[in-house]
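J.: What follows is a predicted structure for the sequence shown.
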Amino acid sequence: MELSVIIVNYNVKHFLEQCLYSVRSALLKTGGEVIVVDNSSPDNSLAYLQPLFPEVQFIANQENIGFAQACNQGLARSRGQYVLFLNPDTIVPEDCFENCIRFFQEHPEAGALGSRMVDGSGTFLKESKRAFPSPLTSLYKLFGLARLFPRSAQFSRYHLGHLEEHKNNEVDVLAGAFMMIRKTVLDKTGGFDERFFMYGEDVDLSYRIQKAGYKNYYFAGTTIIHFKGESTKKGSMNYVRMFYSAMSLFVNKHYGGRQAGIFNSLIHLAIWFRAALTALGQFIRQIGLPLLDAALILLSFWWIKEIWTSYVRPDIEYENQLLWVAIPAYTVFFLVAAWYAGLYDRWYKWSELMRSSAIAGITLLAAYSLLPEQYRFSRGIVLFGAILGFLLLSLLRLLLVRLRVISTDKQKEEHPTFVIAGSEAEYDEVMQLLEESGVRQQVLGRIAVNKEDQTAIGYYKELGQLSGLLPFREIIFCQGQLSFAEIIAQIQSLPAGIGARFHSSGSHSLVSSDSKDSSGEAVSKENGYPLADPYYRRLKRLADVAVSLAGILSFPVQLVLIKKPFSFLANCFVVIAGKKTWVGYAGKGSALPVLRPGILACNGVPLQQTQLLSKESMQLTDYWYARDYTVTADLKMIQRAWRRLGG
């Protein structure tokens, strides 16, 4: 067998779906096997993918054992003369494997090679070619000199910026996203060092390949898409910790003496520096933003109250106790309304800020109107305080967007339009997928993939001219009549501001990622279920917590009402901790929005009891539950099954 492709997956089933379709096409020219090792993905990856790819060998781990160990699991099963370690968030062209193997045959000194990589927008990824880490290269990268002098052989050595991206070159380090190695070389060096959980294992193996007397090559003869960062988000504290810990492990393993000491000092400096920046950004996004909002709202009302009593109605004295109740009450109303309106979701939308402010203002005015006369104060303070709060919150969001602390999809809102590049049948397939996925963006029409096709609104190689005539912001490339190679070539010449999505023929999803620094998005039928909507998921979580708290507070009564009261009490705490939900799927819920394990199945039977339904019936029940979900239905089911909530 010529080639073994080994892919480690964690929680990115739709990206892996597109990847496997591209790998299947590329293997038609070389032959080989595909081994997917799943590290206990919570998104039901295996149940979703196994029926689609019966030729793939799937290995299911019961826990996340890390990238290096999972790769070695696949390596132990491999039978090919060449072994390719490939990330799940990649797309390869049809001639990729053929060209790589030919390069090996023409260069017997080559032990391993990596390909030229671009992100989902077609931008070249600098990590396609790298040097081994050293104190100086790390220092240049840490303090931004590599970014200031991207072509310098000295300052930009980490990414070998002086080497031409379109030419083959001998390099030190190959990226683990695409790392093809002769099997005979791996027999000498061994596989990945399993002490590296994630990150650094590719640097270590590249080092050992060179020490064994072979050369590592950056191969520009093929270009792949690497959406990058889907399994572990680049901006997270977890990323910082794992990345720099891996660098420290590499240094301690391969460098000695004074050099290792200096390098480790720099690594620890980098850890603290990056961790501080990451922690600040995460605090603002996850906790600090609501706190900042609350502070601005309190400040707004206080300012308006001072202005009102000083210049508008100096003849009236308002009791501070009343204001200290009313203003915090408005703040609480705003934060609750903002959370349910989605203001603290992944993307910031000005419309959600407007909606949250309006709901909070109307709620406070309504509450104000119900107060007895002696407890009322000026409506002007309420109205103008709410307006000033809205303005200050808008300015805060604008500043945070400019500083890239939060992200906005304002551009998508202003230009909610697609075009689809594909045949008529492919266009219909994608339109059906978009409809089933609940995507509301407007599709302007079809882009032809054959120049002779006169039924479309344009030709895919003329997108530059079309973007000036039609207001589309994204193009969906359909693989089928267009090859993966043609799509990869085309995205590298897209007009500025035009995003791309990808759909393989026969697949059930679309994937995209605008840059290496933003996590990608997948669109599938799962998006069309209410349970995939953050709003409904928040309501479900709120209902879970409310039922649990009610059960805990009334536990003495439950001793009589519930069959296993102490198991019920334990379930209440488990649900509050977020480990389970009161109502979950009856089966595995494959191809449905992911839920926590349930206490009750969605047919009302406790999951600990034997399910009398057939497998097909449970799948249908789960589908109906996800499709027709309402929080009211959950509460009614919990009420009916209350005596059995102890299991």
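T.: Looks like it came in fine.
J.: where does the stretch 501-647 of the chain have low pLDDT?
T.: For the stretch 501-647 of the chain, the stretches flagged by pLDDT under 70 are 514-519, 589-591, 610-612.
J.: List the contacts of the nearest residue to residue 88 once chain neighbours are set aside.
T.: Spatial nearest neighbour of residue 88, excluding adjacent residues (Cβ to Cβ, 6 or more residues apart in numbering): residue 16 at 4.0 Å. (C-beta placed from N, C-alpha, C; glycine too.) With contact taken as Cβ atoms under 8 Å, 6 or more residues apart in numbering, residue 16 is in contact with 7, 9, 36, 45, 49, 88, 89.
J.: what are the ranges of the strands in the stretch 351-500 of the chain?
T.: 407-408, 417-421, 442-447, 474-479, 499-504 (DSSP state E, counting those that start in this stretch).
J.: which helices and strands does the host helix or strand of residue 206 pack with?
T.: Element membership of residue 206 [criterion: DSSP states H and E] is helix 201-211. For helix 201-211, the elements it packs on are helix 67-77, strand 110-118, strand 178-182, helix 183-189, strand 215-226, helix 237-254, judged by 3 or more Cβ pairs under 8 Å, 6 or more residues apart in numbering; DSSP states H and E.
J.: Now do the buried residues in that helix.
T.: Using 16 or more other Cβ atoms under 10 Å as the test for burial, helix 201-211 gives 201, 202, 203, 204, 205, 206, 207, 208, 209, 210.
J.: Ok, stretch 544-555 next?
T.: Using 16+ other Cβ under 10 Å as the burial criterion, the residues of stretch 544-555 that qualify are 544, 547, 548, 551.
J.: picking up where we left off before, after the helix or strand encompassing the residue nearest to residue 88, which helix or strand is next? Please name it.
T.: Element membership for residue 16 (DSSP H and E) is helix 13-27. On the C-terminal side of helix 13-27, the nearest following helix or strand under DSSP H and E is strand 33-38.
J.: I'd like the average pLDDT over that following strand.
T.: Mean pLDDT, strand 33-38: 97.
J.: Output the contacting helices and strands for that strand.
T.: Counting contacts by 3+ Cβ pairs under 8 Å, 6+ apart, strand 33-38 packs against strand 3-9, helix 13-27, helix 45-49, strand 57-60, helix 67-77.
J.: quick one: buried residues of the fourth one?
T.: By that I understand strand 57-60. Under 16+ other Cβ under 10 Å, the buried positions of strand 57-60 are 58, 59.
J.: From the contact counts, what lies against it?
T.: Contact here means 3+ Cβ pairs under 8 Å, 6+ apart; on that basis strand 57-60 packs against strand 33-38, helix 45-49, helix 67-77.
J.: between these, which one is nearest to residue 594?
T.: Distance to residue 594, taken as Cβ to Cβ, is lowest for helix 45-49 among these, at 10.4 Å.
J.: helices or strands up against the closest one?
T.: With contacts taken as 3+ Cβ pairs under 8 Å, 6+ apart, helix 45-49 sits against helix 13-27, strand 33-38, strand 57-60.
J.: Please state the offset of that helix from the chain centre?
T.: Distance of helix 45-49 from the chain centroid (Cα atoms, centre = their mean, to the nearest Å) equals 18 Å.
J.: got it, and stretch 4-21?
T.: Per Cα atoms, centre = their mean, the displacement of stretch 4-21 from the mean C-alpha position of its chain is 15 Å.
J.: Likewise for stretch 623-631?
T.: 24 Å.
J.: so residue 216 makes contact with residue 206?
T.: Yes. Counting by Cβ atoms under 8 Å, residue 206 is a contact partner of residue 216 at 5.4 Å.
J.: Common neighbours of these two, please.
T.: Contacts common to residue 216 and residue 206, judged by Cβ under 8 Å, 6+ apart, are 112, 172, 173, 174.
J.: Residue 6 contacts residue 76, doesn't it?
T.: No. Applying Cβ under 8 Å, one finds residue 6 not in contact with residue 76, separated by 10.0 Å.
J.: who has more neighbours, those two?
T.: When residue 6 and residue 76 are compared for neighbours, residue 6 comes out ahead with 26 against 10, by other Cβ atoms under 10 Å.
J.: Mean pLDDT per helix and strand in this protein: which one sits at the bottom?
T.: helix 410-414 (a mean of 44; mean pLDDT, DSSP states H and E).
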